[in-house]
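**Student:** no FASTA, just this:
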């Protein structure tokens with residue numbers, strides 16, 4: 001029941017504690033009573049005082065809130081603003097007043113490496129040493145810093161520890177006590193301490209380090225899957241050499257940041273928890289590693305497929321003075337099972353094509369499939385039967401039959417009514433009911449097909465199928481639509497046929513033409 005007025009000139013370092021202004025006093029009293037009522041419900045002694053309308057002191061409230069917080073009945077919230085550091089002092093007071101010390105929580109549980117049974121470590125300096133690495137940070141002056149939380153025992157600088165997650169020994173170089181803007185070198189850490197370690201080479205976030213004579217693996221942190229991806233490329237050839245190194249360093253620090261190369265498009269794709277997350281990481285690459293990079297929307301991995309059966313013939317004959325080239329193959333193609341690439345059957349009877357030339361024909365067809373039919377995208381879901389052909393005793397070769405196979409595929413594929421396919425994702429949005437209409441409308445505008453709707457607590461779960469090409473930037477749009485209260489997950493569903501308009505645009509783009517919708 002006090003007002004805290006922060007002095008702007010001190011950036012939150014100093015504030016004045018005043019009486020609550022008259023215009024806010026009635027509202028403050030109303031919420032004070034609600035607080036007292038809620039706290040009293042968790043404590044028998046306070047219930048009696050509350051019913052008897054006796055005064056409950058601040059100290060009694062703090063003790064009761066602390067007990068309820070330790071029993072996970074309460075989650076204390078405090079007000080503050082990062083802008084000008086307002087509210088830091090009440091936050092730190094709340095940490096001291098309400099949160100448990102290491103002695104007030106259950107002993108940490110893990111798995112004993114020797115017996116593979118559950119094991120516990122009590123918060124005591126005389127217990128075997130165990131700690132969890134919860135953060136990795138690259139420091140330009142000392143190299144890699146590993147932040148750890150000591151659950152039991154003690155650790156001295158210069159000692160050897162066991163990384164039970166990786167099953168290897170590590171040597172502790174220096175121990176540092178980290179402050180906001182400086183670091184202090186220390187000789188040892190004890191149970192309950194948090195410190196940074198210099199010297200751990202192969203450690204990553206979530207690893208357990210412990211006493212080798214009492215090996216234990218503590219429960220690692222569960223990191224959410226990335227929700228947004230963008231393509232990244234170096235600005236200059238000089239940046240290209242350093243790009244991979246800087247990305248690997250950032251990925252080592254941040255388990256929610258992932259990097260991979262798309263096999264279909266050849267692009268380097270970075271994934272994270274949001275657009276701001278990725279923007280900050282790209283900015284860090286420039287500031288800390290001096291690597292310039294451009295980011296943009298990843299290319300969508302379109303595919304091609306045929307819709308009808310057809311036949312094709314490939315005849316490759318070349319005569320150039322000496323030994324010539326002769327290959328001749330007839331094939332039948334038809335749509336294959338969804339998810340299959342190439343199913344090849346040899347239907348040759350009577351030896352019209354020698355056995356050693358069958359595999360080159362299959363290789364030629366497979367190579368031609370990679371180049372596509374309509375717009376240069378790989379062909380999938382294809383069944384090919386080689387049913388006839390011919391050979392020459394002298395001029396036939398593996399290369400000639402490989403080319404003949406490729407020619408036969410191109411001949412047959414053009415007659416099989418090829419279509420373009422696009423990846424369609426299974427999207428699940430968990431949204432408060434009042435925003436459900438806006439979310440469904442937005443998914444429909446993205447060519448989405450709405451599936452099942454089901455309640456989950458106070459929220460609704462919207463299942464839908466949405467083309468991947470329409471999902472870029474969705475995380476930001478969803479936050480805007482729902483004031484940050486909705487979440488979504490996205491997984492690959494299947495490849496579906498694209499619309500006629502989009503197919504025309506993709507084909508025109510592959511041919512270097514412009515098309516307007």
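**Tutor:** It's in. Here the structure is a predicted model, which means the values were calculated and not measured.
**Student:** which residues in the stretch 51-200 of the chain form helices?
**Tutor:** 58-70, 88-98 (DSSP state H, counting those that start in this stretch).
**Student:** hmm, who's touching stretch 267-287?
**Tutor:** Stretch 267-287 is contacted from outside by 224, 226-233, 243, 246-247, 250, 254, 256-262, 291-293, 295, 298-299, 473, 475-476, using C-beta atoms under 8 Å, 6 or more residues apart in numbering. For the C-beta atoms, the positions are set from N, CA and C on the backbone; glycine is no exception.
**Student:** what about those, which are in strands?
**Tutor:** Judged by DSSP state E, the subset of those located in strands is 228, 229, 230, 231, 232, 233, 258, 259, 260, 261, 293, 295.
**Student:** does the fifth one touch residue 292 like I think?
**Tutor:** Think residue 232. No - between residue 232 and residue 292 there is no contact under C-beta atoms under 8 Å: 10.9 Å.
**Student:** who's more crowded, the two?
**Tutor:** Using other C-beta atoms under 10 Å as the criterion, residue 232 and residue 292 rank with residue 232 on top: 21 against 15.
**Student:** any idea how far residue 332 is from that one?
**Tutor:** 44 Å (C-beta to C-beta, to the nearest Å).
**Student:** figure out which of the helices of the stretch 51-200 of the chain is closest to residue 364.
**Tutor:** Closest approach to residue 364 among the helices of the stretch 51-200 of the chain is made by helix 88-98 (68.7 Å; C-beta to C-beta).
**Student:** show me the contacts for residue 353.
**Tutor:** 328, 329, 361, 386, 389, 390, 391, 401.
**Student:** return the set of buried residues in the helix or strand harbouring residue 385.
**Tutor:** Here residue 385 sits within strand 382-390, counting by DSSP states H and E. By neighbour count with 16 or more other C-beta atoms under 10 Å, strand 382-390 contains the buried residues 382, 383, 384, 385, 386, 387, 388, 389.
**Student:** closest to residue 154 out of the residues you listed?
**Tutor:** Within the buried residues of strand 382-390, the smallest distance to residue 154 is 64.7 Å, found for residue 382 (C-beta to C-beta).
**Student:** so what's that closest one bridging to?
**Tutor:** Residue 382 has these beta-bridge partners by DSSP bridges: residue 335, residue 342.
**Student:** what about stretch 349-368, start to end distance?
**Tutor:** Stretch 349-368 has an end-to-end distance of 25 Å (C-alpha to C-alpha, to the nearest Å).
**Student:** re earlier: may I see the PyMOL selection of the buried members of the ones in strands among the contacts of stretch 267-287?
**Tutor:** Only the buried entries of these go into this PyMOL selection, using 16+ other C-beta under 10 Å:
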select buried, resi 228+229+230+231+232+259+293
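**Student:** tally of neighbours for the residue lying closest to residue 109 once chain neighbours are set aside?
**Tutor:** Spatial nearest neighbour of residue 109, excluding adjacent residues (C-beta to C-beta, 6 or more residues apart in numbering): residue 120 at 5.4 Å. By other C-beta under 10 Å, 14 other residues sit near residue 120.
**Student:** contacting residues for residue 448?
**Tutor:** In this structure, residue 448 makes contact with 427, 464, 465, 466, 467, 470, judged by C-beta under 8 Å, 6+ apart.
**Student:** and the gap between it and residue 101?
**Tutor:** For residue 448 relative to residue 101 (C-beta to C-beta), the value is 50 Å.
**Student:** report the longest strand in the protein, please.
**Tutor:** The single longest strand within the chain, with elements called by DSSP E, is strand 418-432.
**Student:** who are the packing partners of it?
**Tutor:** On a contact count with 3 or more C-beta pairs under 8 Å, 6 or more residues apart in numbering; DSSP states H and E, strand 418-432 meets strand 303-306, helix 436-445, strand 459-467, helix 474-482, strand 487-497, helix 500-510.
**Student:** hang on, residue 37 packs against residue 49?
**Tutor:** No - taking contacts as C-beta under 8 Å, residue 37 lies outside contact range of residue 49: 11.7 Å.
**Student:** who has more neighbours, those two?
**Tutor:** Taking other C-beta under 10 Å, residue 37 and residue 49 do not tie; residue 49 has more neighbours (16 against 12).
**Student:** tally of neighbours for residue 32?
**Tutor:** Neighbour tally, residue 32, other C-beta under 10 Å: 13.
**Student:** report the contact partners of it.
**Tutor:** Applying C-beta under 8 Å, 6+ apart to residue 32 gives the contacts residue 1.
**Student:** where does the stretch 151-300 of the chain have low pLDDT?
**Tutor:** 224-225, 227, 264, 274, 298-299 (pLDDT under 70).
**Student:** against residue 491, how distant is the spatially most central residue of the chain?
**Tutor:** For the chain, residue 226 is the residue whose C-alpha lies nearest the centre (C-alpha atoms, centre = their mean; 2.0 Å). Separation of residue 226 from residue 491 (C-beta to C-beta) stands at 12 Å.
**Student:** same question, residue 228
**Tutor:** Residue 228 is 14 Å from residue 491, where distance means C-beta to C-beta.
**Student:** swap in residue 210?
**Tutor:** With distances taken as C-beta to C-beta, residue 210 is found 36 Å from residue 491.
**Student:** what's the answer for residue 139, then?
**Tutor:** Going from residue 139 to residue 491 by C-beta to C-beta gives 37 Å.
**Student:** neighbour count for those two, which is higher?
**Tutor:** Between residue 139 and residue 491, counting by other C-beta under 10 Å, residue 139 is the more crowded of the two (13 against 9).
**Student:** hang on, the earlier thing: can I get the helices and strands packed on strand 418-432 in a markdown table with mean pLDDT and distance to residue 320?
**Tutor:** Formatted as a markdown table, those follow (pLDDT from 0 to 100; distance: least, C-beta to C-beta, whole Å):
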| stretch | mean pLDDT | distance to residue 320 |
| --- | --- | --- |
| strand 303-306 | 90 | 35 |
| helix 436-445 | 93 | 60 |
| strand 459-467 | 93 | 50 |
| helix 474-482 | 89 | 58 |
| strand 487-497 | 85 | 43 |
| helix 500-510 | 84 | 34 |
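**Student:** quick one, which of these is nearest to residue 7?
**Tutor:** helix 474-482 (33.8 Å).
**Student:** could you check the angle the closest one makes with helix 436-445?
**Tutor:** Between the axes of helix 474-482 and helix 436-445, defined by axes from the mean of the first three to the mean of the last three C-alpha atoms, to 10 degrees, the angle is 140 degrees.
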